[in-house]
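Peer 1: quick one, what's the 3D model for this:
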Amino acid sequence: MEPLISVILPIYNMEAYLGRCLDSILASSYINLEIICVDDGSSDSTAEILRAYAEKDSRIIVITKENGGVSSARNAGLDRMTGEYVTFVDPDDYVHPQYFEFLYLALLKKGTLISICGFRMVNIDDKVDLSEKLSFDPNEVQVYSYLHISKQHNLRSYCCGKMFWCGLVTGVRFCEGMLYAEDTVFCTEVGENEEANQVAVLDRSLYYYFQREGSAAKTATLSQMQEYAKVCIEKLNNSSYSKDYFLDRALKVCLYTRYFSSHFSIDKEIKRESNKLLKGMFNRLLRTNIYSFKEKVCLSIFIICPAAYWLYRIIRDPYMWKWEKWEKKKRREARKAA
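Peer 2: Residues are numbered from 1 along each chain as shown. Down below sits the predicted model:
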């Protein structure tokens, strides 16, 4: 018999999208699922929608709790799960019918404890055909180190689009109170586990990430990003985390917040704090083995010379230069108006 997969959905006021998400999960080709829906104190018709779906399908388990945020909801799901594997789906997103099947086959065929698939960004007007029957091809699955995955700047940093063996997340929980990148911290903590050193990456876009106004990824502030960096540094200084994965996270976020606070939002306090955090990580950067010599040189130059990082950003994305000039023009006009 196929092993049980726990699917955790943290839900808060998602009446507009919840039905679409649940329909996509229930249409799955993988049958042995427990679908743990955590209603995080919703004030809309979420509870009624969940009740109706639970009456139709016994695999749906509904947990109702007071509002505590997405991390609290996901933790409630983790505490309740009984599966051998676990995956997360956000209630405004949806998945391909073979999402769970292919993630399971990927880690089974490659002998890993984590699998990841590709994703597709969708908006309200996109029409996605989910009826196509796909064939699993082991040759489309590549195995990478977790460090390689950790450095990727896409959905692979998030908890969605992944499947974990439940033994990896025993004792690991989401940081409650964080308003940004709480899932990235969770995944990085899982990646520190010695058994998580290899990841099966499936070259198929099976997770549909819905872009909507008001999502945390779109509304994150520089101060929230800086708090995320501080959490990473706190984890980095914890002796139980020895691989320095949190160093990579913290360094890159602090470089970004310093750059953005210097050229766009002009927040001197964020800039000073980012500089302070970067200098505090400098010696750790020189000692770590997660970077090549070339990477260490580049990151060291970026820390010491902010102009070098600015040039790197401009060369990497010339539009940033246009945006920067536009922001400067807006500030000049605002000063004149005042």
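
Peer 1: which SS class is C175?
Peer 2: Secondary structure state of C175, per DSSP: H, G, I helix; E, B strand; the rest coil, is coil.

Peer 1: please enumerate the strands of this protein.
Peer 2: For the chain, applying DSSP state E gives strands covering 5-11, 33-40, 60-65, 85-88, 94-95, 114-122, 141-145, 162-165, 198-210.

Peer 1: quick one: closest of the ones you listed to A47.
Peer 2: Closest to A47 of the strands of the chain, according to Cβ to Cβ: strand 33-40, at 5.8 Å. Where you see a C-beta, it was placed from the backbone N, CA and C, and this is true even at glycine.

Peer 1: quick one: average confidence on that closest one?
Peer 2: Taken as a whole, strand 33-40 has a mean pLDDT of 98.

Peer 1: partner strands of it, parallel or antiparallel?
Peer 2: strand 5-11 (parallel), strand 60-65 (parallel) (DSSP bridges).

Peer 1: for the shortest one, list the C-alpha coordinates in PDB.
Peer 2: Pointing back at strand 60-65 there. Output in PDB follows, covering the C-alpha atoms of strand 60-65 (Å, rounded to 0.1, in the frame of the first residue of the first chain):
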ATOM      1  CA  ILE A  60     -10.200  16.000   5.000                       C
ATOM      2  CA  ILE A  61      -9.400  16.800   8.700                       C
ATOM      3  CA  VAL A  62     -10.500  20.200  10.000                       C
ATOM      4  CA  ILE A  63      -8.700  21.900  12.900                       C
ATOM      5  CA  THR A  64     -10.300  25.100  14.200                       C
ATOM      6  CA  LYS A  65      -8.200  27.500  16.300                       C
END
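
Peer 1: separation between the spatially most central residue of the chain and V185?
Peer 2: Centroid-nearest residue in the chain, with Cα atoms, centre = their mean: Y158, separated by 1.7 Å. According to Cβ to Cβ, to the nearest Å, Y158 stands 11 Å off from V185.

Peer 1: ditto for V70
Peer 2: 13 Å.

Peer 1: returning to what we had before: which of the strands of the chain sits most buried?
Peer 2: Scoring those by mean neighbour count under mean count of other Cβ atoms under 10 Å gives strand 5-11 as the most buried, with a mean of 26.

Peer 1: that older thread, any common contacting residues for V70 and V185?
Peer 2: F174 (Cβ atoms under 8 Å, 6 or more residues apart in numbering).

Peer 1: which of these two has more neighbours?
Peer 2: Set side by side, V70 and V185 show more neighbours around V185, with 23 against 20, by other Cβ atoms under 10 Å.

Peer 1: isn't the more buried one right up against K235?
Peer 2: Yes. Using Cβ atoms under 8 Å, V185 is in contact with K235, at 7.1 Å.

Peer 1: the nearest residue to Y256 once chain neighbours are set aside: how many residues sit nearby?
Peer 2: Spatial nearest neighbour of Y256, chain neighbours left out: M225 (7.2 Å); criterion: Cβ to Cβ, 6 or more residues apart in numbering. Residues near M225, counting by other Cβ under 10 Å, number 21.
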